[in-house]
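Asks: sequence plus the predicted model coming up.
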Amino acid sequence: MIDPGFFLEIIPTLLAGLPLTLQLSALSVLFGFVLALALALAQQGESPFVLWPIRTFVSVFRGTPLLVQIFLIYYGLGQFRPSLQAIGLWWMFREPYWCAIIALTLNTAAYSSEILRGAIRNVPRGLSEASLALGLTRVQNLRLVVLPLALRQALPAYSNEIILIVKGTSLASIITLTEVTGLAQELISQTYRAMEVFVAAGAIYLLLNFLIVKALELLEVKLTPYRRR
C-alpha cells in the first residue's frame, strides 16, 4: 500500500535533480534546433553530395535507440582517447554531462530536421515569388517570409519532439548523471520501495511536461493571429 508520508519525504529529494533535467533538456533542444534548422535548409537544394550525408545521418539517429547512442558516445568514443586528446576534445567526451547533451542534441536534430524540412517545403511558393518581386533578397525572403511561416506550421509537431527530449533525459542516469531518474534509482537502492519512488518521479515528469505543453500552446496562439479570437 502506498504511504502518503513517504511521498512527501522523497519529493524534495527527487526535485533536487530537476535543475539538471532542465539543463539537459534546454541545452539539447537549443543546440538541436540550430543543427536541425541548418540541416533542413541544406536539404532544400538538390546536390547529392549534400543530401546523402544528411539523409544518412538522419536515418542512423532516427533508426537507432537513444540509449544505444548514449552508450556509443560515452563508452565507445572513450576508445579513441589519444585521438581526441590530440585534437583537444577529450575534455568534452570524458564528461558524462556533455556526452548526454551531445547524444540528445544529435537525436533531436535528426527528428527535428525532418519536421522543419517539411514545414519549409509546405510554405506556398507564391509567397516567396511575391516577396522577391517586391525587391527582397533571398536571405530576406528566407528570414522574413519563409522561416516565420514554416516555424509556425512546425510548432505542433516540434512540441512533441520537445516532450520526447524531456523524457529522454531520464536515460542520462545510465551514465552516472543524477537527474530525477538517477536520484530515483538511488532512493530505490536505499529504501527498496520502487513503486512509490517511480510514481513520484513520474509525477514530476508529468507536471513538467504539462507546463511545457501549456507554454507551447500559448506560443502557438500568439504566433497564429486567427486563434487569438
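Replies: That came through, no problem.
Asks: flag every buried residue along the longest helix along the chain.
Replies: Taking DSSP state H as the criterion, the chain has its longest helix at helix 194-223. Neighbour-count burial for helix 194-223 flags 196, 197, 200, 201, 204, 205, 208, 212, 216 (criterion: 16 or more other CB atoms under 10 Å). (Each C-beta comes from the backbone N, C-alpha and C, glycine too.)
Asks: export these to JSON lines and tack on pLDDT?
Replies: Shown next, in JSON lines, are those (pLDDT from 0 to 100):
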{"residue": "196", "pLDDT": "88"}
{"residue": "197", "pLDDT": "92"}
{"residue": "200", "pLDDT": "91"}
{"residue": "201", "pLDDT": "93"}
{"residue": "204", "pLDDT": "94"}
{"residue": "205", "pLDDT": "95"}
{"residue": "208", "pLDDT": "94"}
{"residue": "212", "pLDDT": "93"}
{"residue": "216", "pLDDT": "89"}
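Asks: show me what the longest helix of the chain is packed up against.
Replies: With contacts defined as 3 or more CB pairs under 8 Å, 6 or more residues apart in numbering; DSSP states H and E, helix 194-223 has these neighbours: helix 4-15, helix 18-42, helix 147-168, helix 180-191, helix 225-228.
Asks: among those, which comes closest to residue 101?
Replies: Nearest of these to residue 101, taken as CB to CB: helix 18-42 at 5.3 Å.
Asks: need the residues that contact that closest one.
Replies: The contact list for helix 18-42, computed with CB atoms under 8 Å, 6 or more residues apart in numbering, reads 50, 54, 57-58, 97, 100-101, 104-117, 120, 142, 162, 165-166, 169, 172, 177-180, 204, 208.
Asks: the inter-axis angle of that helix versus helix 147-168?
Replies: Comparing the axes of helix 18-42 and helix 147-168 via axes from the mean of the first three to the mean of the last three CA atoms, to 10 degrees yields an angle of 140 degrees.
Asks: what comes up buried for helix 18-42?
Replies: By 16+ other CB under 10 Å, the buried positions in helix 18-42 come out as 20-21, 24-25, 27-29, 31-33, 35-37, 39-41.
Asks: taking these, tell me the two that lie furthest apart.
Replies: Taking CB to CB, the two most distant members of these are 20 and 41; they sit 32.1 Å apart.
Asks: check the offset of the longest helix of the chain from the chain's centre.
Replies: 15 Å (CA atoms, centre = their mean, to the nearest Å).
Asks: likewise stretch 172-180?
Replies: Distance of stretch 172-180 from its chain centroid, counting by CA atoms, centre = their mean, is 17 Å.
Asks: may I have that stretch as CSV, with CA atoms only?
Replies: C-alpha atoms of stretch 172-180 as CSV (Å, rounded to 0.1, in the frame of the first residue of the first chain):
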residue,chain,number,x,y,z
ALA,A,172,21.2,10.1,-18.7
SER,A,173,21.1,8.3,-15.4
ILE,A,174,22.8,5.3,-17.0
ILE,A,175,26.0,7.3,-17.4
THR,A,176,26.0,8.3,-13.7
LEU,A,177,24.1,11.7,-14.0
THR,A,178,21.9,12.2,-11.0
GLU,A,179,18.9,13.9,-12.6
VAL,A,180,15.4,13.0,-11.5
